[in-house]
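# my questions concern the predicted model and sequence given below.
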Amino acid sequence: MADTPPRKPKPSLTALGDHPLAPETLMMGHGYDPMLSEGSLKAPIFLTSTFAFPSAAEGKRFFEGITGKRPGGTDGLVYSRFNGPNQQILEGRLALWDGAEEALVFSSGMTAICVLMMTYCSAGDVIVHSGPLYAASEGFVARTLSRFGVTYVDFPAGATREELDAVLAKAQQQAAAQGGKVAMIYLESPGNPTNALVDVEAVRAARDAALGTDCPIAIDNTFLGPLWSRPLDHGADVVVYSLTKYVGGHSDLVAGSIAGARRWIDPVRMLRNTMGGIADPHTAWMLLRSLETVELRMSRAGENAAKVCAWLARHPKVEGLGYLGMIDDPRQQDIFDRHCTGAGSTFSLFVKGGEAESFRFLDALKIAKLAVSLGGTETLASHPASMTHLSVPDERKAMLGITDNLVRISIGIENADDLIADFEQAFAAV
């Protein structure tokens, strides 16, 4: 009986002739060959801790890639702390959305951020970051990395090129005094929870002039990605996501990712291989499901947010809105016009009054759920100053505009008129 040649996956379809296929089309099959899984239309969940090698020589080759002895990464499946079929399919599809060479998935957004920062930072180094950041991100820099001799210099979102030049000069002086280097520029745009935008193009120009191209620019794009902004197109080197939010989109999983050029991603992969923190197969499988509808869900939520914010802007008990569809600052509008294709569905609502009035509004909501997180199918509302950003010192919260009357709203895919009715009756309690 003749030997049966090993089955290999067919190359993924990415274009029809000269017509490139859109990500929402590619999500239906990219990176997966049904014929390698008994014809199953959707990828099964591969629940295994380890993988059988075709031969001892190929096992050696796979480990050469995993350990970095051979560049380019592994050619096959090795061990579930390193890789797996569900995770690799997911990583390939995530990279498509951002136009990236590579992507990595993690057990949470914070795991992705922590492993990324630890990859590039050593004792004496300086991280330059925008503000505000998600409180856990800022806390990891200020309280955890500082224990290992890493310091930071921050700047406000919306900083101009001249201001950025000054910040980088200060960071270089600080690094020189500590015997280190400026290791990373870390951005969050829009910033959580104020929705303040960072000029990525200006950051890139300032970085290139002051530091060259060996200091990576990473950006948390959770609020707008992957549909409403593609930061890699504007000069970022690495894009970071909490996949828990819009990509997962159903408030039923926790995961994170990074994506970018191979030169930036491969070192992070090596540290992830050592530490673990890769997303589990079931979570990866759920995210593959969610990616098929992410464009539909985000589009609907964005349309709802525009309608709800148009109503909120006229309400007498609303002091202001931090909504990207209603920007009143010329600098922020300029950044939005260059960097964004949509206003998103998460925004800050400033209630007239303070914490007491904000709490009354939140407690009176019937349809919207009082919960942290964002980007789900349901509308969520929270109070950042006393919840997600409670650990931020009061003086820094004041400087960043995280006030007691700020309520963060993430609009879902419910009927917009029903959401307006819910907000109207909740304001009656204020």
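Perfect, I can see it now.

# make it CA atoms for all contacts and neighbour counts henceforth
Noted.

# what sits against residue 280?
Counting by Cα atoms under 8 Å, 6 or more residues apart in numbering, residue 280 touches 87, 107.

# which SS state does residue 154 fall under?
strand (DSSP: H, G, I helix; E, B strand; the rest coil).

# how about it: what's its closest non-neighbour residue?
Closest residue to residue 154 apart from its sequence neighbours, by Cα to Cα, 6 or more residues apart in numbering: residue 129 at 4.8 Å.

# against residue 138, how distant is that neighbour?
Relative to residue 138, residue 129 is positioned 9 Å away (Cα to Cα, to the nearest Å).

# okay, those two: which has more neighbours?
residue 129 (24 against 20; other Cα atoms under 10 Å).

# circling back to that earlier point, quick one: the residue nearest to residue 154 is in a strand?
Yes. Counting by three-state DSSP, residue 129 is part of a strand.

# wait, it touches residue 151, no?
No. Under the criterion of Cα atoms under 8 Å, residue 129 is not in contact with residue 151, lying 10.8 Å apart.

# let me know the pLDDT of the most centrally placed residue in the chain.
What sits nearest the mean C-alpha location of the chain, by Cα atoms, centre = their mean, is residue 241, with 1.7 Å. pLDDT, residue 241: 98.

# and residue 184, helix, strand or coil?
Per three-state DSSP, residue 184 ends up strand.

# quick check: it vs residue 213, distance?
According to Cα to Cα, residue 184 and residue 213 sit 11 Å apart.

# more neighbours, these two?
Counted by other Cα under 10 Å, residue 184 and residue 213 do not tie: residue 184 has more neighbours, with 22 against 12.

# from residue 156, how far off is the more buried one?
Distance from residue 184 to residue 156, by Cα to Cα: 16 Å.

# can you check residue 233 too?
22 Å.

# so which of the two has more stuff around it?
More crowded of residue 233 and residue 156, by other Cα under 10 Å: residue 156, with 18 against 14.

# ok, that one touching residue 128?
No. Between residue 156 and residue 128 no contact is recorded; they are 11.0 Å apart, counting by Cα under 8 Å.

# the nearest residue to residue 121 once chain neighbours are set aside and residue 128: what is the separation?
Among residues not flanking residue 121 along the chain, residue 183 sits closest, at 5.6 Å (Cα to Cα, 6+ apart). Distance, residue 183 to residue 128, by Cα to Cα: 8 Å.

# and the helix-or-strand element of the chain with minimal mean pLDDT, how far out from the chain middle?
The helix or strand of the chain with the poorest confidence is helix 394-400; it has a mean of 88 (mean pLDDT, DSSP states H and E). Counting by Cα atoms, centre = their mean, to the nearest Å, helix 394-400 is centred 24 Å from the centre of its parent chain.

# outside of the helix or strand just after it, which residues touch it?
Counting by DSSP states H and E, the element after helix 394-400 in chain order, helix or strand, is strand 406-410. Strand 406-410 is touched from outside by 193, 345-351, 358, 374-376, 379-385, with contacts defined as Cα under 8 Å, 6+ apart.

# so which of the residues you listed are in helices?
residue 358 (DSSP state H).

# and the contacts of strand 406-410, which of them are in strands?
Taking DSSP state E as the definition of strands, the contacts of strand 406-410 contribute 346-351, 380-382.

# most surrounded residue in the residues you listed?
Most surrounded of the ones in strands among the contacts of strand 406-410: other Cα under 10 Å gives residue 346, at 29 neighbours.

# the closest residue to that one other than its chain neighbours pairs with what?
Among residues not flanking residue 346 along the chain, residue 410 sits closest, at 4.2 Å (Cα to Cα, 6+ apart). For residue 410, the beta-bridge partners are residue 346, residue 380 (DSSP bridges).

# model confidence for residue 410, exactly?
On the pLDDT scale, residue 410 gets 98.

# how close does it get to residue 122?
37 Å.

# of these two, which one has the most company?
More crowded of residue 410 and residue 122, by other Cα under 10 Å: residue 410, with 27 against 17.

# distance of the more buried one relative to residue 382?
The value you get for residue 410 to residue 382, if Cα to Cα is used, is 9 Å.

# shared neighbours of those two, which are they?
By Cα under 8 Å, 6+ apart, no residue touches both residue 410 and residue 382.

# all strands of the stretch 251-400 of the chain, in order?
Taking DSSP state E, counting those that start in this stretch, the strands of the stretch 251-400 of the chain run over residues 256-260, 318-322, 346-351, 369-370, 380-382.

# so, low pLDDT: which residues of this protein?
1-9 (pLDDT under 70).

# and if we set it to 50?
1-5 (pLDDT under 50).

# returning to that earlier point: just send the strands of the stretch 251-400 of the chain back as a markdown table, with distance to residue 25 too.
Supplementary listing: these in a markdown table, determined by distance: least, Cα to Cα, whole Å:
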| stretch | distance to residue 25 |
| --- | --- |
| strand 256-260 | 20 |
| strand 318-322 | 33 |
| strand 346-351 | 26 |
| strand 369-370 | 32 |
| strand 380-382 | 29 |
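
# of the ones you listed, give the one that comes closest to residue 402.
Closest of these to residue 402 is strand 346-351, at 9.6 Å (criterion: Cα to Cα).

# tell me which other helices or strands the closest one touches.
The helices and strands touching strand 346-351, judged by 3 or more Cα pairs under 8 Å, 6 or more residues apart in numbering; DSSP states H and E, are strand 318-322, strand 406-410.

# adjacent strands (with direction) for the first one?
Meaning strand 318-322. Counting by DSSP bridges, strand 318-322 is paired with strand 346-351 (antiparallel).

# tell me the angle the strand it pairs with makes with strand 406-410.
On the basis of axes from the mean of the first three to the mean of the last three Cα atoms, to 10 degrees, strand 346-351 is oriented at 150 degrees to strand 406-410.

# CA atoms of strand 346-351 as CSV?
Extracted as CSV, the C-alpha positions of strand 346-351 are listed here (Å, rounded to 0.1, in the frame of the first residue of the first chain):
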residue,chain,number,x,y,z
THR,A,346,-18.2,54.6,24.0
PHE,A,347,-18.2,58.2,25.4
SER,A,348,-18.1,60.2,28.6
LEU,A,349,-21.3,61.8,29.9
PHE,A,350,-20.9,64.7,32.4
VAL,A,351,-23.9,64.9,34.6
